[in-house]
Every structure is written in C-alpha cells, then in structure tokens.
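A.B. asks: Quick one: sequence and predicted model below, then my questions.
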Amino acid sequence: MTVLWDEGLQSERTRLAWVRTATVLAAGGLGLGGMALRAGAGPAVAVLFALAALGGAVLLARTGVRYRRVQEALHAGRPLDERTDALLAWSATLAAVAGSLVFVLSR
C-alpha cells in the first residue's frame, strides 16, 4: 500500500498558493473593474471583472473547508477531488483575461 501522507508542509504550501490565487483574483478583479469604469469602459468589462472578483472571493471563503478536506483525505488514504475549486479558479481567471482583452481592444 502506498502511503499518501507525508509529514512535510506540502498541504500548507498548497493552501497558501490557493489563498494567493484567490486574493489576486478578488483584489485584481475589483481594482481592474474600478479602473475600467473610470476609463469609461462599457458595462460588459465591469461585469467580467466583477465575476473575477466574485470567483476569487468564493475561493478565499472556501480555503478553510478545502484544507480540512485535503487533510482528511490524506490521512485516510483517499484520493483528492478538487475539481470544483479548480474549475472556479479557471473560470474567474478566464473572466479576468476576457475583461482585460475587451478593455484593451476597446481602447
């Protein structure tokens, strides 16, 4: 039997990476949305940046739950399933990129 649990700090580093990703999406979405509105961009750009900020905020709120589930799965030897959070992070990042692209092309 392969032991999945390691006494190192891999889970903690992964949790910090999720926190950084979520924080950048939330703060970046808000900041870019504000900048776009001040620059006179259309509402579509603001909505895209707001979606990125919302996705980051949801990821940040789920960080504690995700960490607990990872710890439980590792200690029990179960496989990890983080597809929901990965899809949310990917969608929020895509919204930020699409908002940036629309903003740049509209200038």
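C.D. replies: Arrived safely.
A.B. asks: Could you give me the buried positions within the helix ranked longest in the chain?
C.D. replies: Criterion DSSP state H: the longest helix present in the chain is helix 43-76. The neighbour-count check on helix 43-76 (16 or more other Cβ atoms under 10 Å) flags 45-46, 48-60, 62-63, 66-67, 69-70, 73-74 as buried. Yep, even glycine has a C-beta here, placed from its N, CA and C like the rest.
A.B. asks: Kindly report the same for stretch 90-98.
C.D. replies: Buried residues in stretch 90-98, counted by 16+ other Cβ under 10 Å: 92-93, 95-96, 98.
A.B. asks: In TSV: these, plus pLDDT, distance to R107 and secondary structure.
C.D. replies: Shown next, in TSV, are the buried residues of stretch 90-98 (pLDDT from 0 to 100; distance: Cβ to Cβ, whole Å; DSSP: H, G, I helix; E, B strand; the rest coil):
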residue	pLDDT	distance to R107	secondary structure
A92	96	23	helix
T93	95	22	helix
A95	96	19	helix
A96	96	17	helix
A98	96	15	helix
